[in-house]
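A.B. asks: any chance you could fold what I've pasted below:
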Amino acid sequence: MGNNMLTGTVPNELVELPNLTNISIKNNLLHGDLNDVLRDNLYYFNANNNSFSGNLNMSEVLSRNPNLNTLELKDLKNLRIDMTGMTSSIRVVDFTQCNLSSTSIPETIVDGKSNVMQAFTSSYSQLQGTIPSEIGQLKDLTTLTLPGNDLTGQLPDTFVELVNLLSLHLADNRLSGPLPKNFGKNLVQLSYLDLSQNLFTGSLPVFESKSLGSVLLHMNRFARIPANVFEASGSELQFVTFANQDPYVNGKSQHTIILDEGAFSGVNLRRLYPDKYGSGTRLILTGNRIQTLPAYLFGNKSISNGSYVDLSNLGIDEIRDNAFAGLSNAYVNLVGNAIKKLLPTSFPMGSLDRSHQHCVDVEGWHVNVLLYDVVRLTCENVSHEALALQGSPSCDKINSTWPFCVPLAIGDRGVGGLSALQACCTLMFSHHISILYHHHCSQEQQQQHNIRSFRWG
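C.D. replies: Below is the predicted model of the structure:
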């Protein structure tokens, strides 16, 4: 009877059928007291997306329906549900956007007898308080979905005993503290994880699940990403967001996200121009402060061919040796950083795709530059190939390709209000490096100015 736009109330003749055990009346326009419809000795009941009302006591419902397997009451906003005394004798529960009269997860959810619950969903339903430690006894639990509530405190240590958990969605609460020890080691079945918009702190665990596909961790207070954090997931990993970790601790000091060497080793990053199926991992780190890109950030094996790496506006001031060694033909976005230290081998040979415009986009870099009669770059050469050059290569070759772009702030330059110099370098024929300058004027007028030849200082 589901999905039929039925109106009115459910006839008594229907619910009084003697052998009726399954009722599905979801996605209709039915109303009335749900207690008149939720009869005894049911196995399956789904009344999602209707207009039922009444006061439902879960302890009484389960006592009258000892074999109840599934109870789905999603979006019944006029229904009040009392979870007091509710046990885990039921396998599937969905109270999404219901009106809970008891707003804490009852400790009786584990009754010690029949802990067969597999899926518990209560999204945006005014849940409060902490997640009870007893939850670790729900060994069959595969789905826990509790976003949009007011849950507080740390995840209990027993949480890592949910070894069959496939999907964990706790976004938009006030959960805090570090994740339990062995969180990543024990939850090896996880395929979906959303802990976003909470107050979690400390280091991420190394996730050992080989089937992890989506990881949403944005808007927390994590401070460290360890080596090989997602390596076990390999090609299964499609989406990771670590954006906007809170930059303030106690409302005062700005903290920095630390990336360990090899943090994203094994992550097969998504291509800049993905194919129809968008293969590869989309990695989002924006809105953070990450001062240093460590050595071998993406490992030492080139598995991300043609990938797009967005490292813009992170406050980066140092890129260490072989930071991008794990990439192959990549497009790297470093817009809005302030690089002070850049080693010649930060971008090893083959890591960048020099056939596309802006293979490395670093607009906003503030590298010390003198632009008068002599141009002198104080940073070291930006390509591994430059190591093979002898002496100071001349820059008298001009080319329109832009494989490596370094816009440089140089202040006002008089007429035209020139405020920045953009230098684009690419290895040319023989021992030449090509430099193309763009002076940027106001938003209304931008024009290309003099092209100068200079030597690396």
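A.B. asks: what pLDDT is listed against the spatially most central residue of the chain?
C.D. replies: For the chain, residue 241 is the residue whose C-alpha lies nearest the centre (CA atoms, centre = their mean; 1.9 Å). The score at residue 241 is 93. That number is its pLDDT.
A.B. asks: which ones are touching it?
C.D. replies: 196, 215-218, 284 (CB atoms under 8 Å, 6 or more residues apart in numbering). Backbone N, C-alpha and C define where each C-beta goes, glycine included.
A.B. asks: 7 Å instead, please
C.D. replies: The contact partners of residue 241, taken as CB atoms under 7 Å, 6 or more residues apart in numbering, are 216-218, 284.
A.B. asks: what sits opposite it in the beta ladder?
C.D. replies: Residues in a beta bridge with residue 241, per DSSP bridges, are residue 216, residue 284.
A.B. asks: next: residue 144.
C.D. replies: Here residue 144 shows beta-bridge partners residue 120, residue 168, assigned using DSSP bridges.
A.B. asks: run a quick neighbour tally on it.
C.D. replies: A count of neighbours around residue 144, defined by other CB atoms under 10 Å, yields 21.
A.B. asks: I figured it hits residue 122, correct?
C.D. replies: No - Residue 144 is beyond contact range of residue 122, at 9.6 Å (criterion: CB atoms under 7 Å).
A.B. asks: element containing the closest residue to residue 16 other than its chain neighbours, please.
C.D. replies: The shortest distance from residue 16 to any residue other than its chain neighbours is 7.3 Å, reached at residue 39 (CB to CB, 6 or more residues apart in numbering). Using DSSP states H and E, residue 39 sits in no helix or strand.
A.B. asks: surely residue 39 meets residue 15?
C.D. replies: Yes - in this structure, residue 39 is within contact of residue 15 by CB under 7 Å, at 4.9 Å.
A.B. asks: in the stretch 351-457 of the chain, where is pLDDT below threshold?
C.D. replies: Across the stretch 351-457 of the chain, the stretches falling below the confidence threshold (pLDDT under 70) are 352-457.
A.B. asks: can you mark which positions in stretch 36-45 are buried?
C.D. replies: 37-39, 42, 45 (16 or more other CB atoms under 10 Å).
A.B. asks: farthest pair within the residues you listed?
C.D. replies: Looking at those by CB to CB, the two members farthest from one another are 37 and 42, with 10.1 Å of separation.
A.B. asks: ok, and what's touching stretch 11-31?
C.D. replies: Identification of contacts with stretch 11-31 by CB under 7 Å, 6+ apart yields 1-10, 37, 39, 41-52.
A.B. asks: quick one: the strands in the stretch 151-300 of the chain?
C.D. replies: For the stretch 151-300 of the chain, the strands identified by DSSP state E, counting those that start in this stretch occupy 167-169, 174-177, 192-194, 199-203, 214-216, 221-225, 239-241, 248-249, 253-254, 258-259, 282-284, 292-293, in order along the chain.
A.B. asks: which among those strands is found nearest to residue 139?
C.D. replies: Closest among those, using CB to CB: strand 167-169, at 15.2 Å.
A.B. asks: average pLDDT for the closest one?
C.D. replies: Mean pLDDT, computed over strand 167-169, is 98.
A.B. asks: now do stretch 122-138
C.D. replies: If you average the pLDDT values across stretch 122-138, you get 92.
A.B. asks: buried ones in it?
C.D. replies: Applying a neighbour-count criterion of 16+ other CB under 10 Å, the buried positions in stretch 122-138 are 122-123, 125, 127, 131-132, 134-138.
A.B. asks: from those, which is closest to residue 351?
C.D. replies: The shortest gap between residue 351 and any of these belongs to residue 123, at 42.5 Å (CB to CB).
A.B. asks: find the nearest non-adjacent residue to the closest one, please.
C.D. replies: On the basis of CB to CB, 6+ apart, the spatially nearest residue to residue 123 that is not a chain neighbour turns out to be residue 96, at 4.4 Å.
A.B. asks: kindly report the same for residue 7.
C.D. replies: With CB to CB, 6+ apart, the residue lying closest to residue 7 is residue 29, at 4.5 Å.
A.B. asks: then residue 134?
C.D. replies: Sequence neighbours aside, residue 110 is the residue nearest to residue 134 in space, at 4.1 Å (criterion: CB to CB, 6+ apart).
A.B. asks: for the one you found, give me its contacts.
C.D. replies: Shown here is residue 110, whose contacts under the criterion CB under 7 Å, 6+ apart are 88, 134, 137-138.
A.B. asks: identify the farthest-apart pair in the residues you listed.
C.D. replies: Comparing every pair within those by CB to CB identifies 88 and 134 as the most remote, at 9.3 Å.
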